[in-house]
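Asker: here you go, sequence then predicted model.
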Amino acid sequence: MYRTGIRPIVDGAEVDVPLAGFVAGQALRYNANGTVDTVAISTGIAGPGVSVVGDVVTWNDVTGTTVADGGVALANLVRMGGTPVVGRIAQWSSNSPPTIVNGTLLSTEVVGCTTASIAIGNLPVSSAANGSRIIDSGIVATNVVQGATRVLFNNYTMTGALADVPAMSCTLPAAGSYSIRLIPIYEVHSSGTLGFAFSFSGTTLFYRMGGRYQVTVTGSQSNFVQLTVNTSYTSFASITAAAGNFMMAELEAVIVTNTAGTLQLRCETSGDADLLGGSAFTVTRA
């Protein structure tokens, strides 16, 4: 005698389920009518079979039925702290776990270099009108003359001594040829000669200074007069100015040095004068 079905026990009672009711892939279930019938089994999402604990799961097909081991540990994913702000540069706030937050700068506030390479020690220059890009200038920083860009004095009184004016000085960074331009302004208190010179702390191969001056008295002004050209940096040209005059001089010099050193303006008067101020001490390396 053969059975035509199976007799599972449901709630203490045997229930007949015909064998013909089974379909491949189906399973038994207890339905709402109090009887057992069959139901299709969903295949669900299939895994890769082998995975690493803690790795991120990724889709392995376009149908959404299989997944794979992503190969990246969840602990290595970057977290975002706070709410992102459009245009802000992100910055790290933690490395364990790795976390980024909004930075303090906008992307428009960051300057980028547009050259493929730069030389260490060279100065950068702007390559965009809005200041957002820089390039390598090709100028070595050690070749730049370091000096005052603006000179302003408060009554530097000269009473006869040939003295260096500390504020009117600059550093010549290396041996070479330099041109110098300076426009000092004086107030003359007593008549006498007023002289100019430059002193250099290093050694020179060649030095030459020349210039001209203009004296103003009660709103009038005289013509510029060419000063005597000197071949030694220790000598100086002199002019005579009466008391009460304001005098402006244009001084130019060329110096060829063997070494680096400090270059200073020197002033002398046989009378009494105050150095009130002057323009930029401009030094250019040839």
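Answerer: The structure has been received and is ready for your questions.
Asker: from residue 268, how far off is residue 76?
Answerer: The spacing between residue 76 and residue 268, counted by CB to CB, to the nearest Å, is 75 Å. Where you see a C-beta, it was placed from the backbone N, CA and C, and this is true even at glycine.
Asker: more neighbours: which of these two?
Answerer: Using other CB atoms under 10 Å, the more surrounded residue of residue 76 and residue 268 is residue 268, with 19 against 11.
Asker: wait, what's in contact with residue 50?
Answerer: The neighbours of residue 50, taking CB atoms under 8 Å, 6 or more residues apart in numbering as the test, are residue 69.
Asker: nope, residue 186 is what I meant
Answerer: By CB under 8 Å, 6+ apart, the contact set of residue 186 is 194, 241, 246-249, 273-276.
Asker: nearest to residue 204, of these?
Answerer: Among the contacts of residue 186, residue 249 lies closest to residue 204 (CB to CB), at 22.1 Å.
Asker: okay, stretch 87-106 in CSV with CA atoms only?
Answerer: Only the C-alpha atoms of stretch 87-106 are listed here, as CSV (Å, rounded to 0.1, in the frame of the first residue of the first chain):
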residue,chain,number,x,y,z
GLY,A,87,32.3,75.9,-1.6
ARG,A,88,34.1,75.1,1.7
ILE,A,89,37.4,73.1,1.6
ALA,A,90,37.1,69.9,3.7
GLN,A,91,39.7,69.2,6.3
TRP,A,92,40.5,66.2,8.5
SER,A,93,39.3,66.3,12.1
SER,A,94,40.1,62.8,13.1
ASN,A,95,42.2,59.9,11.8
SER,A,96,40.6,57.2,14.0
PRO,A,97,37.9,57.0,12.7
PRO,A,98,38.9,59.0,9.6
THR,A,99,36.6,62.0,9.7
ILE,A,100,36.3,65.2,7.6
VAL,A,101,34.5,68.5,8.5
ASN,A,102,34.0,71.8,6.9
GLY,A,103,37.2,73.8,6.7
THR,A,104,37.6,77.6,7.4
LEU,A,105,38.4,78.5,3.8
LEU,A,106,36.3,78.7,0.7
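Asker: so residue 84 touches residue 102, yeah?
Answerer: Yes. Contact status for residue 84 versus residue 102: in contact at 6.7 Å, counting by CB atoms under 8 Å.
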